[in-house]
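[1] model this:
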Amino acid sequence: MPDPAALWRRACRAVGAAAWLRVACLRLLAALALVAVSVQAVDTDRIVRSAQKYGPTGVANAKALQQLMASLAGRDDAARLKPVNDFYNQRLAYMEDIDNWGVQDYWASPLEGLGKGAGDCEDYAIGKYFTLTTLGVPHARLRLVYVRASIAGAPNGYVAHMVLAYYPTPDAVPLVLDNLQPDIHPASERPDLLPVFSFNAEGLWQGVGSIRANGDPLVRLSKWRGAVERARQDGFQ
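    A predicted model of the protein is given here:
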């Protein structure tokens with residue numbers, strides 16, 4: 001059986017093996033350029049103001065997020081991961097998109113998810129990603145990772161799932177921020193997760209297995225671009 005740590009290191013390598021995927025990456029360059037986020041001073045008041053359009057639940061959750069972010073200002077990455085992971089795991093109730101948004105697949109911005117007080121795996125990961133980058137964690141250290149998660153009773157024994165991975169260095173085994181497992185563990189201690197592909201605001205990476213098992217990455221990343229644009233409008237970086 002492959003070393004789990006090696007699989008996650010592969011998920012951090014630039015895509016280059018499959019010809020169709022190389023073409024896909026070239027097509028993504030322009031789209032990803034639109035997603036790049038500049039580092040500026042955090043304006044959490046803007047985030048709270050933006051939450052007003054998402055209703056009372058959104059405002060209450062945004063104010064709680066503002067307090068959290070104030071408490072983490074100036075802290076290092078290691079001190080930020082657990083509080084942010086816990087915040088979204090506790091504030092969002094799991095709900096499928098069809099029940100939450102009335103469509104099969106919708107990627108919510110952080111405030112959209114907090115406005116509903118609910119989301120699916122993508123929404124947990126996106127909220128954590130933008131909160132951490134807004135606090136100053138470099139985009140290069142974070143990946144949204146599509147995985148195959150082993151779940152008892154699931155068809156074929158696994159489900160498509162998304163987690164947020166934090167890479168302290170480019171070749172490190174990442175820490176996994178997950179809504180299925182609330183505690184943060186190194187990926188080498190999560191044999192239930194098999195990485196398929198990952199991305200952030202800067203690129204797309206190939207993991208293992210069939211990338212098409214979780215759908216066309218170009219379609220997925222178009223949803224990501226929409227979530228990024230809405231997050232930026234709401235004050236996230």
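[2] Alpha carbons of stretch 153-161, in PDB - could you do that?
    C-alpha atoms of stretch 153-161 as PDB (Å, rounded to 0.1, in the frame of the first residue of the first chain):
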ATOM      1  CA  GLY A 153     -22.000   2.200   4.200                       C
ATOM      2  CA  ALA A 154     -21.200   4.600   1.400                       C
ATOM      3  CA  PRO A 155     -21.500   3.300  -2.200                       C
ATOM      4  CA  ASN A 156     -18.200   1.800  -3.300                       C
ATOM      5  CA  GLY A 157     -17.000   2.500   0.300                       C
ATOM      6  CA  TYR A 158     -16.100   6.100  -0.200                       C
ATOM      7  CA  VAL A 159     -17.600   9.600  -0.900                       C
ATOM      8  CA  ALA A 160     -16.300  12.600  -2.700                       C
ATOM      9  CA  HIS A 161     -15.200  15.100   0.000                       C
END
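[3] Which positions within it qualify as buried?
    Burial within stretch 153-161, assessed by neighbour count using 16 or more other Cβ atoms under 10 Å, is assigned to Y158, H161. Placement of C-beta: from N, CA and C, glycine included.
[4] Likewise for stretch 43-50?
    Quick answer for stretch 43-50 (16+ other Cβ under 10 Å): T44, I47, V48, S50.
[5] need those residues in a markdown table with secondary structure, can you?
    A markdown table is the format used below for these (DSSP: H, G, I helix; E, B strand; the rest coil):
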| residue | secondary structure |
| --- | --- |
| T44 | helix |
| I47 | helix |
| V48 | helix |
| S50 | helix |
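[6] count of neighbours near R232?
    15 (other Cβ atoms under 10 Å).
[7] and what of A51?
    By the criterion of other Cβ under 10 Å, A51 has 26 neighbours.
[8] Identify the residue nearest F130 in space, chain neighbours excluded?
    Distances taken as Cβ to Cβ, 6 or more residues apart in numbering place F236 nearest to F130, at 4.2 Å, with adjacent residues excluded.
[9] For that neighbour, list the residues it contacts.
    Neighbouring residues of F236 by Cβ atoms under 8 Å, 6 or more residues apart in numbering: I47, S109, P110, F130, T131, T133, T134.
[10] if I look at the third one, how far off is G119?
    So the one you mean is P110. Distance of P110 to G119, computed by Cβ to Cβ, to the nearest Å: 10 Å.
[11] Need the overlap of contacts for the two.
    Here P110 and G119 have G127 as joint contacts, going by Cβ under 8 Å, 6+ apart.
[12] Low-confidence stretches in the chain?
    1-41, 205-220 (pLDDT under 70).
[13] returning to that earlier point: what's the most distant pair in the buried residues of stretch 43-50?
    Greatest spacing in those, by Cβ to Cβ: T44 and S50 (10.4 Å).
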